[in-house]
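Q: got a structure for you, letters missing:
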């Protein structure tokens, strides 16, 4: 059990960006898109045997030929601005059949990821995921950022379209990050490594559907490219957003009119501003989610 490296690239003060699947696959789409666009090269992986069950078993002529496990791989790229490390996992290790990582396996994986970060001299790590928010799906999602050190807060405030999560109105300075995104921040702090989790907003009424939300992934990408000093062309990514928007609009049209009227209040209101009234109450959100759940239990989803 552990990490297997195919090569050891020579890197200078690299920054690591890590992500796993989650709500809307917001983080992993953003990070994997960035990895592909900068042309990062695979150089290692975390061996899966003690973390995951096989996701596929290949049998040919009655013989077991192969067990296919979720991949958890490391990549690197030397750029003009700084050297980059990527860690991309296809699945989060979880005990007891839970969706998000927790327990001994998750803690071990977080430490293995940071072992590689420190081996190559990383002083900072970014993780990425989703933030469930009271926004409309047609809006530009903001990025919620959570640092593991107070010294990073002022830096985060300089980024456009970004909010420090603890400062969002109504949260009372509190916040919660599930899975490896949050765990990695805590383990990094113990090791005195700077870490920031950046989460793209997904509308509260879309959080339970099994399809991606690339609008939020784009917001995360915009943050990361500025933070890392990397220039990429997001023109092709816009086409992915437009296709997703059409699918979500078709879904939205199935909502009862009274629900759409409530959700339409979210179009132009920025809930993060303390001077503005909340567009819908917590009671409204609960009722809307219950109504949507009932609606899609009555008819099969097209996905």
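A: Perfect, I can see it now. Here the structure is a predicted model, which means the values were calculated and not measured.
Q: now do the buried residues in stretch 122-138.
A: Burial within stretch 122-138, assessed by neighbour count using 16 or more other C-beta atoms under 10 Å, is assigned to 122, 124-137. (Each C-beta comes from the backbone N, C-alpha and C, glycine too.)
Q: restricted to helices, list the residues you listed.
A: When DSSP state H is applied, these are split such that none fall in helices.
Q: check the residues you listed and tell me the two furthest apart.
A: Between any two of the buried residues of stretch 122-138, the greatest separation by C-beta to C-beta is 37.6 Å, found for 122 and 136.
Q: relative to residue 267, how far out is the closest residue to residue 132 other than its chain neighbours?
A: Computed as C-beta to C-beta, 6 or more residues apart in numbering, the closest residue to residue 132 that is not its neighbour in sequence is residue 207, at 4.9 Å. Counting by C-beta to C-beta, to the nearest Å, the separation of residue 207 from residue 267 is 18 Å.
Q: swap in residue 28?
A: Noted for residue 28: a distance of 28 Å to residue 267, by C-beta to C-beta.
Q: more crowded one of the two?
A: residue 28 (22 against 12; other C-beta atoms under 10 Å).
Q: so the more buried one sits against residue 87, correct?
A: No - look at residue 28 against residue 87 with C-beta atoms under 8 Å: they stay out of range, at 10.8 Å.
Q: need the residues touching each of those two.
A: A shared contact of residue 28 and residue 87, defined by C-beta atoms under 8 Å, 6 or more residues apart in numbering, is any residue touching both; here these are residue 19.
Q: quick check, pLDDT for the closest residue to residue 266 other than its chain neighbours.
A: Spatial nearest neighbour of residue 266, chain neighbours left out: residue 136 (4.0 Å); criterion: C-beta to C-beta, 6+ apart. Predicted confidence (pLDDT) for residue 136: 93.
Q: I figured residue 136 was touching residue 263, is that so?
A: Yes - contact criterion C-beta under 8 Å: residue 136 and residue 263 qualify, at 6.3 Å.
Q: give me the common contacts of these two.
A: Applying C-beta under 8 Å, 6+ apart, one finds that residue 136 and residue 263 are jointly contacted by residue 203.
Q: and the helices in the protein, which stretches?
A: Listed in chain order, the helices of the chain (DSSP H) span residues 26-38, 104-119, 153-157, 179-190, 214-228, 235-252, 257-263, 282-298.
Q: residue contacts, residue 24?
A: With contact set as C-beta under 8 Å, 6+ apart, residue 24 has these partners: 130, 200, 202, 206-207, 211-213, 216-217.
Q: distance check, it against residue 248.
A: From residue 24 over to residue 248 the distance is 11 Å, taken as C-beta to C-beta.
Q: give me the common contacts of those two.
A: With contacts taken as C-beta under 8 Å, 6+ apart, residue 24 and residue 248 have 206, 213 as neighbours in common.
Q: quick check: beta-bridge partners of residue 203?
A: Beta-bridge partners of residue 203, counted by DSSP bridges, are residue 133.
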